[in-house]
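**Q** sequence first, predicted coordinates after that:
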2 protein chains.
Amino acid sequence: MARFQDVLRAHEGRLTQERQSLLHIICASVGHFNPEEVAGLARSKGRPVSLTTVYRNLPLLIEAGIVRRATVGDGLDRAGVRYERVWNRTHHDHLTCERCGRVVEFSYPAIEILQEAVAREHGFLLERHHLELIGVCASCRRKAGALSARPTRRPH
Amino acid sequence: MARFQDVLRAHEGRLTQERQSLLHIICASVGHFNPEEVAGLARSKGRPVSLTTVYRNLPLLIEAGIVRRATVGDGLDRAGVRYERVWNRTHHDHLTCERCGRVVEFSYPAIEILQEAVAREHGFLLERHHLELIGVCASCRRKAGALSARPTRRPH
DNA sequence: TTTCATGCAAATACTTTGCATAAGC
DNA sequence: GCTTATGCAAAGTATTTGCATGAAA
C-alpha cells in the first residue's frame, strides 16, 4: 500500500513479511481490534507476527493513516486501547450504548463543519477528532421502560 | 456533597475520612488529573488516601457525576487514563495541540444540539459525550511555518 | 456489633525495551 | 554487507484483588 510505503521510506524502514501480514490483517478488519487480536489473527492466517512487533508497528500504521485509536468509552470499558482501520473507509464517529455495549457508527457532516469552525476560532489547524456519543439504545430503553412502567401495586 | 452521598447510600457505602479527602481534593482541582496525582495531593494536604483507595472510589465518583474520564488523546499520549471534575463546572470539550500538548477547553452549543439530533435519529437517549479535536495550535503553526512550510496531514 | 472500607502486598494486564539473531535492500 | 526488524524474555507502568485490620453506622 502506497501510503504505508511512503511512511516506511520516511523512516528508512523495510517492508518485511510481518508488516505485510499486518497490512493484510488490518485491511480485512471490520470493527475495532486490539494488538493481541491482530497478533492472533496473523498467527491463525499462517503469517504470524509477535505481539511486540504489533506494538512496534502500530505507530507507523497510525502515521500512515491506516489505523487510528478507536473510542475508549467512559464507564464500562475494559482496559487497553482499541484501534480501527480508517484506510479505505469513510470517516465516522461512534454512538455507544452504555447498557448493552452496542456501537453504532454514524457520520454527520454538519458536525464536522462546526468542528472546523471551532478549531479555526482558536487558531488551530484541525487534523482529526474523536467524537463518541454515549447513551441508551432504543432496545435497552424499551427494556428499561417495560420494567419501570410496571406498577408495583394496582391503584384501587 | 449531596449527590455523592446519594450514590453512597445506593451502594450502602460509608462516608469515610478518605472519601471526604478525595472530595476535597477533587472539588479544588482545576485541570486534568490521574489517580496518582490525587493520592499525592491528598497526602500533601495531610489527609492521605492510598492509591488503591483512589482507584476503588473513582467509579463511585463517576457515577455521582463528580468526575469523568477526560480526553484520552490520540498520538502522543502518556499511558493511563486521566480524569477531570465535572461537578460545579459547565460542560466543555477539548481541543488538543498534537505538537505541544496544549489543551484548550471550548463549548459550542450548536454542536451539542446536532449531537442530540444524531442520537435521536438512532433511537438513542443521549447521556453524555466525548469530543476531542486534535490539531496544531496557532503557536506551533507559526513555528512550523517559520522552519519550513511543511504541510500537515489532512483530517480523515 | 455488624458490615463495609482501607492499606499493603501480590497479582494482572498492558506496553515497552535490551539483546541476539534473522531478514531487507 | 550494512542496517533495520523481529522475537523472546525481562522490565516497566497502570490497575485490580486478597486479606487482615480499622472505622462507620
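**A** All right, it came through fine.

**Q** next, see if the strand or helix carrying A:L41 gets close to DNA strand C.
**A** For A:L41, the enclosing helix or strand under DSSP states H and E is helix A:35-44. Yes - interface with DNA strand C: helix A:35-44 contributes A:35-36 (C-beta under 7 Å from any atom of the strand). (C-beta placed from N, C-alpha, C; glycine too.)

**Q** is that helix anywhere near DNA strand D?
**A** No - judged by C-beta under 7 Å from any atom of the strand, helix A:35-44 and DNA strand D are separated, with a smallest distance of 8.2 Å.

**Q** that helix: how far from the chain's middle?
**A** Mean-position distance between helix A:35-44 and its chain equals 17 Å (C-alpha atoms, centre = their mean, to the nearest Å).

**Q** check stretch A:102-121 too.
**A** Offset of stretch A:102-121 from its chain centre (C-alpha atoms, centre = their mean): 16 Å.

**Q** please identify the buried residues of it?
**A** A:103-104, A:106, A:108, A:111-112, A:114-116, A:118-119 (16 or more other C-beta atoms under 10 Å in any protein chain shown).

**Q** nearest to DNA strand C, of these?
**A** A:V103 (17.7 Å; C-beta to the nearest atom of the strand).

**Q** is it true that that closest one touches A:H92?
**A** No - A:V103 is beyond contact range of A:H92, at 10.5 Å (criterion: C-beta atoms under 8 Å).

**Q** distance-wise, check the residue most central in space within chain A relative to A:V86.
**A** With distances taken as C-alpha atoms, centre = their mean, A:A70 lies nearest the centre of chain A, 2.6 Å away. Between A:A70 and A:V86 the computed distance is 9 Å (C-beta to C-beta, to the nearest Å).

**Q** how near is the closest residue to A:E18 other than its chain neighbours to B:Y55?
**A** Using C-beta to C-beta, 6 or more residues apart in numbering or on different chains and skipping the chain neighbours, the partner closest in space to A:E18 is A:V49 (4.5 Å). According to C-beta to C-beta, A:V49 and B:Y55 sit 33 Å apart.

**Q** please enumerate the helices of chain A.
**A** A:2-10, A:17-27, A:35-44, A:51-63, A:109-121, A:138-149 (DSSP state H).

**Q** which ones are touching A:C97?
**A** Going by C-beta atoms under 8 Å, 6 or more residues apart in numbering or on different chains, A:C97 touches A:103-104, A:135-137, A:140, B:124.

**Q** also A:L95?
**A** For A:L95, the contacting residues are A:103-106, A:132-135, B:118-119, B:122, B:124, by C-beta under 8 Å, 6+ apart.

**Q** give me the beta-bridge partners of it?
**A** A:V104, A:L133 (DSSP bridges).

**Q** what's the spacing between it and DNA strand C?
**A** Applying C-beta to the nearest atom of the strand, to the nearest Å, the value for A:L95 to DNA strand C is 23 Å.

**Q** how about A:I113?
**A** Look at A:I113 and DNA strand C: by C-beta to the nearest atom of the strand, they are 32 Å apart.

**Q** do you know how far that residue is from chain B?
**A** Taking C-beta to the nearest C-beta, to the nearest Å as the measure, A:I113 and chain B are separated by 10 Å.

**Q** equivalent analysis for A:V38, please.
**A** Taking C-beta to the nearest C-beta, one finds A:V38 at 18 Å from chain B.

**Q** surely that residue touches A:H24?
**A** No - with contact defined as C-beta under 8 Å, A:V38 does not reach A:H24; the gap is 10.6 Å.

**Q** between the two, which one's more packed in?
**A** Taking neighbours as other C-beta atoms under 10 Å in any protein chain shown, A:V38 and A:H24 compare with A:V38 leading, 25 against 14.

**Q** and the more buried one, what pLDDT?
**A** Per-residue pLDDT puts A:V38 at 96.

**Q** nearest spatial neighbour of it, skipping sequence neighbours?
**A** Nearest to A:V38 is A:V54, by C-beta to C-beta, 6+ apart, at 5.1 Å.

**Q** how about that neighbour, what does it touch?
**A** A:22, A:35, A:38-39, A:42.

**Q** rerun at 10 Å
**A** A:18, A:21-22, A:25, A:34-40, A:42, A:61, A:83 (C-beta atoms under 10 Å, 6 or more residues apart in numbering or on different chains).

**Q** same check, this time on A:A70
**A** By C-beta under 10 Å, 6+ apart, the neighbours of A:A70 are A:31-34, A:81-86, A:94, A:103, A:130, A:132.

**Q** now intersect those residues with the strands, please.
**A** Those of these mapping onto strands are A:32-33, A:83-85, A:94, A:103, A:130, A:132, per DSSP state E.
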